[in-house]
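**Student:** predicted model follows, preceded by the sequence.
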There are 2 protein chains.
Amino acid sequence: MSNDKNIRIVIDAMGGDHAPKEIIEGVVLASKEFDYHLILVGDEVKMNEFLKASDYDHEKISLVHAPESVDMDEAAAVSVRKKKKSSIAVGLKLIEEKQGDVFISAGNTGAVVAASTLYLRTLPFVERPGIGIVFPTLLEPMMLIDAGANIHPKPEHLFHYAVMGSDFMKYVYGQSNPKVGLLNIGEEETKGTDFHKETYAMLENSNLNFIGNIEATDIVMGKTQVLVCDGLIGNTVLKVIEGFAKGAAELLKRELKKSLLCKIGAILSIPAYRAIGKKIDYREYGGAPLLGVNGAVIISHGSSNAKAIKSAVRAAGEYVKKQVNRHIIEDLKKNNRNGNIES
Amino acid sequence: MSNDKNIRIVIDAMGGDHAPKEIIEGVVLASKEFDYHLILVGDEVKMNEFLKASDYDHEKISLVHAPESVDMDEAAAVSVRKKKKSSIAVGLKLIEEKQGDVFISAGNTGAVVAASTLYLRTLPFVERPGIGIVFPTLLEPMMLIDAGANIHPKPEHLFHYAVMGSDFMKYVYGQSNPKVGLLNIGEEETKGTDFHKETYAMLENSNLNFIGNIEATDIVMGKTQVLVCDGLIGNTVLKVIEGFAKGAAELLKRELKKSLLCKIGAILSIPAYRAIGKKIDYREYGGAPLLGVNGAVIISHGSSNAKAIKSAVRAAGEYVKKQVNRHIIEDLKKNNRNGNIES
């Protein structure tokens, strides 16, 4: 635990639907559970307002002032150009200047991706970073990458995502030789567009544990631990699952209203629903790493509450301690030597 | 009902995971419920084998022999080129030669799309047909189009899908002025790729009831009655929902095993689960129209059972009786005059 003291986790206090309140509460929670040094970035007055209410170890949490903040629906490119003093920009500069080890934000995803790429630049061999979301399956947790950072990827971008996703699942989740799949509309090698076919060939020639095309029906079955796709489809997949979960719960509620017995039954089964809710609750999953930037960035869900931020701090610490980026660079090098990257 | 006698519904007896058994049983079921004339196309020997077992009105069901059949995983283009006597080809030729009014197949979707386009060609103004899948939402049923026929669409293709989907929901489902949405990764007009932006502009300038971009989280909420997207994403959305439904059920089963009370509870709530199951069961929804071909084609799920085929027959009859294609041509003409189709 002692080394944990030396890990500096920078948190965007102003990003997210419930910022700064839930963010700061989450950081305070984290400060009680972990030894990391936590650096909150945002409007100093507002941050102090929420902090003075709660008691916490002042050794563990420090503040850095950022006068501006990026709105959740603000155009990413514009925000990066115009708001050089936003909590996102100031936070990432701390990482760039090695005054912090990892940055967490539940703010405007597009802005975080754009600013991270601008301030931290990308790892060697990597052209475009990707958002990797880890979620549960009927077997092991699986990372879907890219979940929306790159909606115009080249095949080699997906190849990089596969390498980076494999290393993340290997070193942070302890999965040995994670299975990698390519999300496609059919399992046969010939399915999909030319983009899919080129990506398929690249993955097959690599030293990754590539098992072929995976159809979306099989995502939840846990056939792979890493599933690569373009950001447009990845983002859609996540939103469908999120929406369907909400919708199914609502449908169930309506049906149960129709009969007292059903309702009693449902009440008795509540613990089961709770367990499932916990399983599919992204808040348990600590946010999504932005893999491929030359630094550690964790993107949390916009609706993150204190609990979600605490899990994000845990994930961020692991990301740094397991030196995921160092492993990624080594593995990209290896693959590059094998001539699997076209550039 | 008397006019129903004049409607000739052609069914591919050899297509689907459970063909010909379930297909033929479904047609027999349909013959007891509807007055349509039903024409089964497939291997005469096999068809008779299954038919002689069941009693049915021989006036209502007739057979047309097709010596070949297309495998479920056969490459579509090849099957069309090489199997000119497949049940799909023979069935579609009946429609082409006006010896049938609508064709139903639960077979190889790619082969049905390719053969339909080859034998029937497309409606005026339409370049590429689209598969429209109707499924339930928390409000009204919604058609998602395209669900996989066209993975390289142009913006005007999606515009055609919007017009055709609106007419289908209007005349078959009785929805007045259906709301149309564009599936995108954000609600703002500026979201997505150039493809999305061009499609957005085209829909906004049309006389459709276009309400803007829809995120996948909102699909199940029923914000629109028609949702257009490219075939790659549409196909993925459907498969995610299908897979997630399976996975959620499995998760629930596992959790319930853990406690007797939970299990008793679940048993009491079974009627609610059944009701939901029925709501999200594609078998209730009678297959998906292939909109844009110059003729009526209904594509049923590969795993269709007798009940699904019976629902498909119902949907096929409605499609013909409501003269959906005539309305589509009129509306495409109108929109064309308004200069909304770039061609």
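**Tutor:** Nice, I can see it.

**Student:** buried residues in stretch A:106-119?
**Tutor:** Residues of stretch A:106-119 classed as buried: A:106-117, A:119 (neighbour count, 16 or more other C-beta atoms under 10 Å in any protein chain shown). From N, CA and C alone the C-beta is placed, and that goes for glycine too.

**Student:** residues contacting A:Glu44?
**Tutor:** Residues in contact with A:Glu44 (C-beta atoms under 8 Å, 6 or more residues apart in numbering or on different chains) are A:63, A:65.

**Student:** what packs against the helix or strand where A:His160 lies?
**Tutor:** Using DSSP states H and E, A:His160 sits within helix A:155-171. Helices and strands touching helix A:155-171, by 3 or more C-beta pairs under 8 Å, 6 or more residues apart in numbering or on different chains; DSSP states H and E, are strand A:130-135, strand A:142-145, strand A:179-183, helix A:194-204, strand A:226-228, strand A:288-291, helix A:324-337.

**Student:** ok, back up a step: from the buried residues of stretch A:106-119, pick the one nearest B:Asn48.
**Tutor:** Using C-beta to C-beta, A:Thr109 is the member of the buried residues of stretch A:106-119 that sits closest to B:Asn48, with 60.7 Å.

**Student:** okay, that closest one: pLDDT?
**Tutor:** Predicted confidence (pLDDT) for A:Thr109: 92.

**Student:** spatially nearest residue to it (excluding sequence neighbours)?
**Tutor:** Leaving aside its chain neighbours, A:Thr109 sits nearest to A:Ile299 (5.8 Å; criterion: C-beta to C-beta, 6 or more residues apart in numbering or on different chains).

**Student:** correct me if wrong: that neighbour contacts A:Ala111.
**Tutor:** No: in this structure, A:Ile299 is not within contact of A:Ala111 by C-beta atoms under 8 Å, at 10.4 Å.

**Student:** and for A:Gly91, the neighbour number?
**Tutor:** Counted with other C-beta atoms under 10 Å in any protein chain shown, residues neighbouring A:Gly91 total 32.

**Student:** could you confirm it falls within a helix?
**Tutor:** Yes: under DSSP: H, G, I helix; E, B strand; the rest coil, A:Gly91 sits within a helix.

**Student:** now mean neighbour count and distance to B:Lys191 too, for the helices and strands packed on helix A:155-171, in JSON lines please.
**Tutor:** Putting the helices and strands packed on helix A:155-171 into JSON lines (neighbours: other C-beta atoms under 10 Å in any protein chain shown; distance: least, C-beta to C-beta, whole Å) gives the following:
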{"stretch": "strand A:130-135", "mean neighbour count": "26", "distance to B:Lys191": "16"}
{"stretch": "strand A:142-145", "mean neighbour count": "29", "distance to B:Lys191": "20"}
{"stretch": "strand A:179-183", "mean neighbour count": "25", "distance to B:Lys191": "21"}
{"stretch": "helix A:194-204", "mean neighbour count": "18", "distance to B:Lys191": "21"}
{"stretch": "strand A:226-228", "mean neighbour count": "30", "distance to B:Lys191": "22"}
{"stretch": "strand A:288-291", "mean neighbour count": "28", "distance to B:Lys191": "19"}
{"stretch": "helix A:324-337", "mean neighbour count": "17", "distance to B:Lys191": "30"}
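
**Student:** picking up where we left off before, with the buried residues of stretch A:106-119 in mind, which one is nearest to chain B?
**Tutor:** Closest approach to chain B among the buried residues of stretch A:106-119 (C-beta to the nearest C-beta): A:Gly110, at 8.7 Å.

**Student:** pretty sure A:Asp57 is in a helix, no?
**Tutor:** No: according to three-state DSSP, A:Asp57 belongs to no helix; its state is coil.

**Student:** and it, how far is that from chain B?
**Tutor:** For A:Asp57, the distance to chain B equals 38 Å [C-beta to the nearest C-beta, to the nearest Å].

**Student:** that residue - how many residues pack around it?
**Tutor:** Around A:Asp57 there are 11 residues (other C-beta under 10 Å).

**Student:** what's the closest of the helices and strands packed on helix A:155-171 to chain B?
**Tutor:** strand A:179-183 (7.2 Å).

**Student:** which regions of the stretch 101-250 of chain A lie under the pLDDT threshold?
**Tutor:** For the stretch 101-250 of chain A, no stretch has pLDDT under 70.

**Student:** ok, which stretches of chain A are helices?
**Tutor:** A:21-33, A:44-53, A:76-82, A:87-96, A:109-120, A:155-171, A:194-204, A:231-257, A:260-268, A:270-279, A:306-321, A:324-337 (DSSP state H).

**Student:** residue contacts, whichever residue of the stretch 1-150 of chain A sits closest to chain B?
**Tutor:** The minimum distance from the stretch 1-150 of chain A to chain B, using C-beta to the nearest C-beta, falls at A:Leu138 (5.9 Å). By C-beta under 8 Å, 6+ apart, the residues touching A:Leu138 are A:220-222, B:247, B:250-251.

**Student:** what's the spacing between stretch A:324-331 and its chain's center?
**Tutor:** Relative to its parent chain, stretch A:324-331 has a centroid offset of 18 Å by C-alpha atoms, centre = their mean, to the nearest Å.

**Student:** send me that stretch as CSV with only the CA atoms.
**Tutor:** Output of stretch A:324-331 as CSV, limited to C-alpha atoms (Å, rounded to 0.1, in the frame of the first residue of the first chain):
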residue,chain,number,x,y,z
VAL,A,324,-0.4,-1.1,-18.9
ASN,A,325,1.1,1.5,-21.3
ARG,A,326,4.6,0.1,-20.9
HIS,A,327,3.3,-3.4,-21.9
ILE,A,328,1.3,-1.9,-24.7
ILE,A,329,4.3,-0.3,-26.2
GLU,A,330,6.3,-3.5,-26.0
ASP,A,331,3.6,-5.5,-27.6
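
**Student:** skipping adjacent residues, who's closest to the residue in the stretch 51-200 of chain A that chain B sits nearest to in space?
**Tutor:** Relative to chain B, the nearest point of the stretch 51-200 of chain A is A:Ile185 (4.8 Å; C-beta to the nearest C-beta). Nearest residue to A:Ile185 in three dimensions, chain neighbours excluded: B:Asn235, at 4.8 Å (C-beta to C-beta, 6+ apart).

**Student:** pull the number of nearby residues for that neighbour.
**Tutor:** Count around B:Asn235 with other C-beta under 10 Å applied: 25.

**Student:** surely it touches B:Gly148?
**Tutor:** Yes: counting by C-beta under 8 Å, B:Gly148 is a contact partner of B:Asn235 at 3.6 Å.
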